[in-house]
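K.L.:
my questions are about this predicted structure, shown below with the sequence.
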Amino acid sequence: VPPEAPSVEVPVSVRTTIDRAARRLAAAGIEAPRREATRLVTGLLGASSADWWTRQGEAVSADQLGRIEAAVARRAAGEPLAYLIGSIGFRHLMLRVDGRALIPRPETEGIVDRALALQPGGRAVDVGTGTGCLALSLRLEGGFRSVVALDRSEGALALAERNRRHTGLAIELARGDLTDSLATDSVDLIVSNPPYLSVAEYRRLDPSVREHEPSVALVGGEEGIELTRALLDRGRRVMRLGGWIVLELESSRAAATAAIAVSLGWQDVRVEEDFFGRPRYLAARLDGGRNG
Ligand SMILES: C[S@@+](CC[C@H](N)C(=O)[O-])C[C@H]1O[C@@H](n2cnc3c(N)ncnc32)[C@H](O)[C@@H]1O
């Protein structure tokens with residue numbers, strides 16, 4: 001009787017790992033399974049998805065395979081890809097992300113372009129900083145004397161602090177409700193992507209967002225517009241005359257948000273579109289009218 005052949009573990013390649021992950025994600029109904037599988041596998045291997053072509057023949061260790069399979073199962077169950085990879089690109093930065101803060105969205109990058117075109121220097125404040133994406137980008141790309149990142153969530157601030165250290169960009173972090181912790185007449189630029197969904201819109205969100213991203217980052221009040229209105233109102237006290245505010249908004253409430261800004265005495269009020277052609281940003285300047 002011939003001796004039994006010793007069992008030899010055949011190494012699994014990056015390519016096979018991506019193929020398997022893509023099949024699993026497709027079966028779970030994920031919309032772009034191959035793209036997501038490539039990003040997830042390469043991200044967990046510490047590479048960029050552009051590297052997959054040159055690395056596809058490399059072997060994946062049993063340990064790596066275990067971590068990838070666990071992450072694929074979580075993605076198949078609806079957890080957002082960025083939380084599983086643990087990082088996301090925002091403009092020129094690679095930022096850490098986890099469930100303590102919203103995953104920065106591509107359209108939010110547009111706030112930075114508009115803010116830098118209108119007010120590229122002085123003292124800038126990012127209200128509701130989350131990961132710190134806007135404050136860190138302003139610091140990197142603008143010529144500001146100082147940049148302050150505010151949030152009412154301790155978890156978000158801890159993550160922003162991690163991103164501050166990881167990027168080495170000098171921003172100040174502070175906890176507070178909107179701009180209330182700032183001195184009167186102390187800022188030249190306010191940027192914000194405030195929570196702007198209504199309670200009903202929040203309930204209709206895809207579960208992969210609603211069940212994983214913090215509700216404090218998404219809901220702006222019963223009607224959705226409440227926090228934006230409060231920021232336009234309370235932000236006037238801290239703004240130096242001539243300073244600008246640049247906000248992201250819910251496109252269906254663009255006209256209503258602009259009307260609120262005008263009624264509060266903001267001037268040069270303008271609404272601009274995002275790259276999908278939807279009204280997405282409001283910019284306005286304060287030049288008097290603080291008690292409007
Ligand atoms: C839509 S997220 C935006 C995060 C980040 N700026 C981005 O664009 O990815 C809104 C952020 O505002 C914070 N926030 C909610 N209510 C706030 C308040 N009253 N004062 C300060 N921050 C608040 C949330 O914790 C959350 O981090």
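P.N.:
Structure received.

K.L.:
Three-state assignment for the residue sitting nearest the centre point of the chain, please.
P.N.:
Within the chain, the residue whose C-alpha comes closest to the C-alpha centroid is residue 104; the distance, by CA atoms, centre = their mean, is 1.3 Å. Of the three states, residue 104 takes coil under DSSP: H, G, I helix; E, B strand; the rest coil.

K.L.:
ok, it touching residue 135?
P.N.:
No: counting by CB atoms under 8 Å, residue 104 stays clear of residue 135, with 11.6 Å between them. For glycine as for every other residue, the C-beta is placed from the backbone atoms N, C-alpha and C.

K.L.:
so what's the closest residue to residue 179 other than its chain neighbours up against?
P.N.:
Closest residue to residue 179 apart from its sequence neighbours, by CB to CB, 6 or more residues apart in numbering: residue 238 at 4.7 Å. Under the criterion of CB atoms under 8 Å, 6 or more residues apart in numbering, the neighbours of residue 238 are 125, 179, 182, 183, 184, 185, 186, 187, 190.

K.L.:
contacting residues around the first one?
P.N.:
Residues counted as contacts of residue 125 (CB under 8 Å, 6+ apart) are 147, 148, 149, 150, 179, 182, 187, 189, 190, 191, 238.

K.L.:
close to the ligand: what parts of this protein are there?
P.N.:
Residues of the chain lying close to the ligand (CB under 6 Å from any ligand atom) are 101-102, 104, 108, 127-131, 133-134, 150-153, 156, 177-178, 193-195, 216-217, 227.

K.L.:
narrow the residues you listed to those in helices?
P.N.:
133, 134, 156, 227 (DSSP state H).

K.L.:
how much space separates the residue nearest to residue 179 from residue 106?
P.N.:
Taking CB to CB, to the nearest Å as the measure, residue 238 falls 29 Å from residue 106.

K.L.:
one more: residue 236?
P.N.:
To residue 106, residue 236 is 30 Å away according to CB to CB.

K.L.:
show the pLDDT at the residue nearest to the centre of the chain.
P.N.:
Predicted confidence (pLDDT) for residue 104: 98.

K.L.:
enumerate every residue touching it.
P.N.:
Shown in contact with residue 104 (CB under 8 Å, 6+ apart): 88, 90, 95, 97, 130, 131, 133.

K.L.:
ditto for residue 269
P.N.:
Contacts of residue 269 by CB under 8 Å, 6+ apart are 258, 261, 262, 282, 283, 284.

K.L.:
switch the cut-off to 10 Å
P.N.:
Residue 269 is in contact with 232, 245, 257, 258, 259, 260, 261, 262, 282, 283, 284, 285, counting by CB atoms under 10 Å, 6 or more residues apart in numbering.

K.L.:
which secondary structure element contains it?
P.N.:
Assigned by DSSP states H and E, residue 269 falls within strand 267-273.
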